[in-house]
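Student: pasting a predicted model and its sequence here:
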Amino acid sequence: MPSIESVGEPLVRLRDLHLSFAGNPVLKGIDLDVHRGQAVSIIGPSGSGKSTILRCITGLLQPQRGSIRVGNTDVHTLQQEAQRIELRKRVGFVFQQYNLFPHLSVLQNLVVAPRKVLGHNRSDAEKSARALLAKVRLEHKADAYPGQLSGGQQQRVAIARALAMRPELILFDEVTSALDPETVGEVLTVIRELTEEGMTCVLVTHEMRFAEEISDVVYFTENGVIVEHGSAAQIFQNPASERTRTFLRHALGDPGRRPVLANDPYLLSNLSRYSLSV
Amino acid sequence: MAIEASGVVMRAWPRRHLGKLFLLIGLGAALLYFALQSPVSKALLQWSPALARGFAQNIVISLVAIAIGSLLGLLVGALALSPLRGLRWPARIWVQCFRNAPWLVLIYFTTYVFPFELRIGGVYFAFPDWLKVTIGLALPASANIAEIFRGAVASIPATQWEAARSLAFTRGQIFRSIILPQCFKRMLPPWMNLYAVITMGTALASLVGVHDVIDTAQIASNTVNKTGFTVVIYLSLLALFFAYCYPISRLTQALERRYAFY
């Protein structure tokens, strides 16, 4: 399998990662490299372990076997929560469901971690928070509460909150999956700008066109293994694996419709026979 | 059917306070009627300072009970959430024992178990009955508050923990900065509800000889010895408790509506 040749030590390096939940194997030997400044996308069907990989990288989940190295930290050897906290200061995480703190205003959401965790003083933290809000084009929402924002706005705040910690690496876990097609664009614009600035990003995504456009490397996972990986052009234009080809064909438009069953008793049009009162 | 229902909804506001208005008018008329019959109203007027003193005793008991109960309850609730089994189990047992015991039994228990005075370092401190009753009420209050607290913490979605952990917060920081501020808003309505229930529970204090409003009413009714007066004085007790507890319950409802958005 061809791979992207990059010079130097990778920032994130996963080798032979195994993880199972209550005897149910989710990851079955994942190898993955992310170099500094790269945007890496992980694509694949739901339940293939994509989000689990991200949670392992930031130490939210501990694998049963295999090694994880982020920078100079061997994540799989960390025993204490304090050590994982040191790791998480360097790794940002953006969730599918935003997970903003509802009792704090947008500005406080951005300020709370730098102040409490990094010990920044209030004025510095607020100054950089406002700059980050301007970056995600939400400076006018600084005093709003998360409940007053749309999904796309909340997700941009969540990205700004992750950036407020000045991470070396940001993990995006299906950040647009809860959004409607129109607001997806505003979030993707922010991520695209980040990758252009050289922020190291790992994205789990179902936005194939976006992944193709911004990624340096794309990994295709299924059933807890990496089926194939390579440059975006290679995976999307010329996939080596038949499975990748099928997945991309479905993901990129062909809905794969099944023929309608003859005499289906549950077909909705048949319900008209029974008088429905509303 | 639907049209009729919407019509009712449309006219709901002017109708909403109609029952209360009638009640108020009825009460006013009754008061006026009794006021005309001078001996009963005179007796009520005569006894009203004593009733007010008694009711003040009830309020003091309820306030001290909720204060002790809250402090104790938050402590027990925090222990119940501890990852250490040695701390968690005693808290669980405390909650189950005092939440499932009749309040009157607890009040008798505290009244007869505690001595009438305490000797601390050669100095005697009086341990009056009303304080014993207060502790008797504070025990079930603490168990209920511990459960309210535990429930509030559990009701914060796990994703909030995950988000805070991903931002490199420690467990203690997550509790203090993220979870507890969200909990207190959620706890406020059930906490105030419990306070109203405790206030009503202070009526039990009369059974162990505390001179509260019920006790005063009994004495008054025995002294005056008129059926009409007995009815009026217990009616005024009802009105007193209602006047104190109803605003609390309304405030609770208002707070529930205000914090409904998360």
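Tutor: That came in fine, so what should we check first?
Student: for the rest of this, base every contact and every neighbour count on C-alpha atoms.
Tutor: Fine.
Student: the residue nearest to A:Val217 when sequence neighbours are not counted: neighbouring residues, count only.
Tutor: Nearest non-adjacent residue to A:Val217, counting by CA to CA, 6 or more residues apart in numbering or on different chains: A:Ser231, 4.5 Å away. By the criterion of other CA atoms under 10 Å in any protein chain shown, A:Ser231 has 19 neighbours.
Student: B:Leu118: what secondary structure?
Tutor: strand (DSSP: H, G, I helix; E, B strand; the rest coil).
Student: could you pull up the residues touching it?
Tutor: By CA atoms under 8 Å, 6 or more residues apart in numbering or on different chains, B:Leu118 lies in contact with B:Tyr124, B:Phe125, B:Ala126, B:Phe127.
Student: and it, what are its bridge partners?
Tutor: Here B:Leu118 sits in beta bridges with B:Phe125, as judged by DSSP bridges.
Student: what ranges in chain B fall below the confidence cut-off?
Tutor: B:1-15, B:34-38, B:260-262 (pLDDT under 70).
Student: which single residue of it ends up nearest chain A?
Tutor: Closest to chain A within chain B is B:Ala168: 4.7 Å, counting by CA to the nearest CA.
Student: could I get the contacting residues of that residue?
Tutor: Here B:Ala168 is in contact with A:Arg84, A:Ile85, A:Glu86, A:Leu87, A:Arg88, A:Lys89, A:Ala113, A:Val117 (CA under 8 Å, 6+ apart).
Student: what's around the third one, how many residues?
Tutor: By that I understand A:Glu86. 14.
Student: so where does it fall, helix or strand?
Tutor: In the assignment (DSSP states H and E), A:Glu86 maps to helix A:81-88.
Student: next, give phi and psi for A:Thr178.
Tutor: If you look again at residue A:178, you'll see it is Ala, not Thr. phi -90, psi 10 (degrees, to the nearest 10).
Student: wait, it touches A:Tyr98, no?
Tutor: No: A:Ala178 lies out of contact with A:Tyr98 (CA atoms under 8 Å); the separation is 9.1 Å.
Student: longest helix in the chain, by residue count?
Tutor: Answering for chain A, as no chain was given. helix A:181-196 (DSSP state H).
Student: right idea, wrong chain: chain B
Tutor: helix B:38-80.
Student: which secondary structure elements does the helix or strand following it sit against?
Tutor: Sequence order places helix B:85-99 as the next helix or strand after helix B:38-80, per DSSP H and E. On a contact count with 3 or more CA pairs under 8 Å, 6 or more residues apart in numbering or on different chains; DSSP states H and E, helix B:85-99 meets helix B:38-80, helix B:129-155.
Student: mind listing what's buried in helix B:85-99?
Tutor: B:Arg88, B:Ala91, B:Arg92, B:Trp94, B:Val95, B:Phe98, B:Arg99 (16 or more other CA atoms under 10 Å in any protein chain shown).
Student: same check, this time on stretch B:77-84
Tutor: For stretch B:77-84, the neighbour count (16+ other CA under 10 Å) marks B:Gly77, B:Ala78, B:Leu79, B:Ala80, B:Leu81 as buried.
Student: columns distance to chain A on top of those residues, output as JSON lines?
Tutor: Converted to JSON lines, the buried residues of stretch B:77-84 look like this (distance: CA to the nearest CA, whole Å):
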{"residue": "B:Gly77", "distance to chain A": "22"}
{"residue": "B:Ala78", "distance to chain A": "21"}
{"residue": "B:Leu79", "distance to chain A": "21"}
{"residue": "B:Ala80", "distance to chain A": "22"}
{"residue": "B:Leu81", "distance to chain A": "19"}
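Student: for residue 92, what are its contacts?
Tutor: All of this is about chain A. A:Ala162, A:Leu163, A:Met165, A:Pro167, A:Glu168, A:Leu169, A:Ile170, A:Leu171, B:Ser166, B:Leu167.
Student: if you could check chain B rather than the one you did, that'd help
Tutor: B:Ala80.
Student: let's go with 10 Å and repeat that
Tutor: B:Arg92 makes contact with B:Val76, B:Gly77, B:Leu79, B:Ala80, B:Leu81, B:Ala143, B:Ala146, B:Glu147, according to CA atoms under 10 Å, 6 or more residues apart in numbering or on different chains.
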